[in-house]
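Enquirer: A predicted structure for the sequence below; I have some questions about it.
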Amino acid sequence: MQQYTGTVPQVPQAPSGDGYDEAATPLETLVAWVEDAEEASDAARKAAERDRDYFDGKQLTAAEKATLRKRGQPDVVINRIQPKVLFLKGWEATNRTDPRAFPRNPQDEGASEAATDALRFVADRTELGPKLSTTWEHMLIEGFGGVELVIEQGREGPDIDIKQWDWDRLFYDPHSRKLDFSDARYLGGYVWMDEGEAKAQWPDAADIIDSTIADASFTQTYDDRPRWKTWVSGKTRKRVRIVQMYHKEDGQWMYCVFAKGGKLDSYPVPFVDQDGRSWCPLMLQSAFVDRDNNRYGLVRTMIDIQDEINKRRSKALHRLAMRQVITERGAVEDEDATKTELARPDGMITVNPGFRFELMDNTSLVAGEISMMNHAEQQIELLGPNAAMQGKDDGAPSGRAIRLNQQSGQTELNALIDQHKQLRRRVYRGIWDLIRQYKREPWWIRVTDNEQNVRFVGINRPVTLKEELAKRFASQGMEPPQVEQAMQELAADPMRGPTLEQVIRVDNNPTEMWMDITIEDVPDTANVQEEQFNALVQLAPAVTFPPRVYLMASNLRNKKELLEELKGGTETPEEKQAKQAAFQLEMDKAKSEIDKRLAEIEKLRAETRKIDVEADMAQMPQGVIVSPQVLGSQPGAPSPAGLSMPAPAAPPTPQPEPMQQPMPRPAPQSLSLPEGQEPAQPPPFGNQPPL
């Protein structure tokens, strides 16, 4: 595994809590956990190393080879384990399945396809398939393996990546009994680094690295390659072992990087699922667990039988190559020369007359060895993939029968296969959780599910009214030229045109999509489909089917496109007329909807103008009445009652009033939109005509 050096971005969904206290789990506790894991798994790791050697053909130790040479037996190895494992690896690669997202709520039904496309895109980009195949190999041989989900800073923001872990770099809580390690308090792994590389990555921890180099206390499985005996290897090139650990504290997963001399980095894991719970990004899976919590794989059950095959074969060859005699003393002149001649296929022996000299018949012994060896080979054939699962049943009458035999043959392996499926499902769920947390900006996914066309799916994609109307027209069966013509007519309208670019919602927002992630099983139905198609063709002389039936039953690569072409070429005039009527109806609905939105916008503008006028009136200064006058009278003229009114005094010089704060304006009302959609902002009101 490569050391993750990127910055983990903080997201709103990350658990807040009271903060992470590094003193809560001191270094002494972390080191003790690592040493406990190494000590408790020592016997299991040694057995796992032996299992890997048997897969590689290293099935005889140096002591066993020396003993065989002393006896004169050949050190023959007939590796029956490797073909078994390789077949299961190939079977897993051939039967890889894709993820599928199913909505939890009815309103997310339309977004489930986008979530499915996003999962498959991340799986393809990170090469998840080969990495899980490597984990499957570790499960078969050593017993467990896993991958780690990480976030790295990419060119366009946070990217999801998947790191592959080898079994001999992993450790786990020895008290864990679950196959998926769900009950483990801590999980982690080791990374070997050069001293200079480690100090460059943690420049403030040079003393920690130096003190770690001086230490020498760890087991053989986790050492550097080639093997050395301390935390540092070599005299000129110093390498240090770094521990990366995930551990749980009060329901919150923590991440810590440390060496034997001290901590290098630590922080809470910010990843949460759809329900807000913290989860561990290091995902491990076991094949089998014994009562002592030791993990082991399918190869463990084949070791004893493989040893018997090797020893029976070596013994049978030895018996066939040697010849035993019964003789009296003095029957031959030179016993050593006689032994040499007996070992030769064309040897000749001179015997003194009158003495007993006869060859022993060991045919029955050789036959017994071969019979027991054959029985052992039959037993190992029953383990793992058998002949039926491998499709080697010569008596199967058809491809369908072969398929049924294969399904029956893998019944005993279904439990092991299900464990690997469980790991795949957990990884896909983790990918979806990371998409929900970190993919906030518009994100375009390329989907190549058609051999000629490449389509793009948008995540966090803003949708305009124009796009929504075009989609609605297309769903009614309108051709692309007709949709384009309709959009041009709407855009040419001076009142309706500007509203077409209004954003009415955001499609495929992962933070608002609640999904259940499953694994979609897609069996290889080529043989069954071909048999059904042949049966349909044989019925043709007696029963006439439409061409569409034959296309649907065939396995042509362009079957979907051919069906669409056939459907379009058989359209009747009535269907065309109905499609045209539907088009006109949709156009009328679109214009009515735009007019409705325009009326709402105009009403909003009127309300805003009214608010502006009331605010301006409230801020105007009020004048003082000095002398009331009658309209039309002159200063000093007699009043209607015969009284003269004094001329009004000169108005006082207006004094500047203190600045007043304008009255706050209430926010304009938003348009009524469907539930779950963001309201679009109304047009700016800065260029309104004066009142």
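Expert: Looks like it came in fine. Numbers count the residues shown, from 1 in each chain.
Enquirer: for the longest helix seen in the chain, packing partners?
Expert: If you go by DSSP state H, the chain has its longest helix at helix 573-619. In this structure, helix 573-619 makes packing contacts with helix 465-475, helix 480-492, judged by 3 or more Cβ pairs under 8 Å, 6 or more residues apart in numbering; DSSP states H and E. To be clear about C-beta, it is placed using only N, CA and C from the backbone, and glycine gets the same treatment.
Enquirer: May I see the ones you listed organised as CSV, with mean neighbour count added?
Expert: Listed next are these as CSV, based on neighbours: other Cβ atoms under 10 Å:
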stretch, mean neighbour count
helix 465-475, 17
helix 480-492, 14
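Enquirer: Let's have those in JSON lines, adding distance to D204 and mean pLDDT.
Expert: Converted to JSON lines, the helices and strands packed on helix 573-619 look like this (distance: least, Cβ to Cβ, whole Å; pLDDT from 0 to 100):
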{"stretch": "helix 465-475", "distance to D204": "53", "mean pLDDT": "81"}
{"stretch": "helix 480-492", "distance to D204": "61", "mean pLDDT": "82"}
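Enquirer: So what sits opposite R239 in the bridge?
Expert: Counting by DSSP bridges, R239 forms beta bridges with D194.
Enquirer: how many other residues sit next to it?
Expert: 18 (other Cβ atoms under 10 Å).
Enquirer: Quick check, pLDDT for it.
Expert: pLDDT, R239: 83.
Enquirer: Also the one 4 residues further on?
Expert: At V243, the pLDDT value in this model is 93.
Enquirer: do you know how far it is from L132?
Expert: Distance of V243 to L132, given as Cβ to Cβ, to the nearest Å: 25 Å.
Enquirer: Also D433?
Expert: Taking Cβ to Cβ, one finds D433 at 18 Å from L132.
Enquirer: re the thing from before, with distance to D346 as extra columns, can I get the helices and strands packed on helix 573-619 in TSV?
Expert: As requested, these are arranged in TSV below (distance: least, Cβ to Cβ, whole Å):
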stretch	distance to D346
helix 465-475	89
helix 480-492	88
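Enquirer: Okay, angle between the longest helix of the chain and helix 480-492 too, please.
Expert: 20 degrees (axes from the mean of the first three to the mean of the last three Cα atoms, to 10 degrees).
Enquirer: Can we start the residue count at 428 from this point?
Expert: From this message on, residue numbering opens at 428, which makes the last subject helix 1000-1046.
Enquirer: What is the distance between helix 1000-1046 and the centre of its chain?
Expert: Mean C-alpha position of helix 1000-1046 versus that of the full chain (Cα atoms, centre = their mean, to the nearest Å) differs by 45 Å.
Enquirer: Rounded mean pLDDT for that helix, please.
Expert: On average, helix 1000-1046 scores 74.
Enquirer: next one: stretch 777-796
Expert: Mean predicted confidence for stretch 777-796 is 78.
Enquirer: List the buried residues of it.
Expert: Within stretch 777-796, the residues scored as buried using 16 or more other Cβ atoms under 10 Å are 778, 796.
Enquirer: May I have the distance across that stretch, first residue to last?
Expert: 32 Å (Cα to Cα, to the nearest Å).
Enquirer: what's in contact with it?
Expert: 739, 742-743, 746-747, 750-760, 776 (Cβ atoms under 8 Å, 6 or more residues apart in numbering).
Enquirer: Equivalent analysis for stretch 474-489, please.
Expert: Contacts of stretch 474-489 (Cβ under 8 Å, 6+ apart): 495, 502, 504, 506, 508-509, 512, 568-570, 594-595, 648, 721-724, 726-727, 729-730, 733-734, 737.
Enquirer: Return the members of those classed as buried.
Expert: The buried subset of the contacts of stretch 474-489 - by 16+ other Cβ under 10 Å - is 495, 504, 506, 508, 512, 568-570, 594-595, 648, 721-724, 726-727, 729, 733, 737.
Enquirer: so what's I635 up against?
Expert: 629, 686, 688-691.
Enquirer: Which of those residues fall in strands?
Expert: 686, 689-691 (DSSP state E).
Enquirer: what two of those residues have the greatest distance between them?
Expert: Greatest spatial distance in the ones in strands among the contacts of I635: A686 and K690, 8.4 Å, computed using Cβ to Cβ.
Enquirer: In terms of neighbours, single out the busier of the two.
Expert: More crowded of A686 and K690, by other Cβ under 10 Å: A686, with 25 against 18.
Enquirer: Count the neighbours of the closest residue to the more buried one other than its chain neighbours for me.
Expert: Among residues not flanking A686 along the chain, T639 sits closest, at 3.9 Å (Cβ to Cβ, 6 or more residues apart in numbering). As a burial measure, T639 scores 24 neighbours (other Cβ under 10 Å).
Enquirer: for the stretch 428-577 of the chain, what spans make up the strands?
Expert: For the stretch 428-577 of the chain, applying DSSP state E, counting those that start in this stretch gives strands covering 525-530, 571-581.
Enquirer: What average pLDDT does the shortest one get?
Expert: When you say that, I think you mean strand 525-530. Strand 525-530 comes out at a mean pLDDT of 82.
Enquirer: Neighbouring strands of that strand in the sheet, and parallel or not?
Expert: strand 942-947 (antiparallel).
Enquirer: Go ahead and confirm G570 touches D717.
Expert: No: in this structure G570 lies outside contact range of D717 using Cβ atoms under 8 Å: 9.8 Å.
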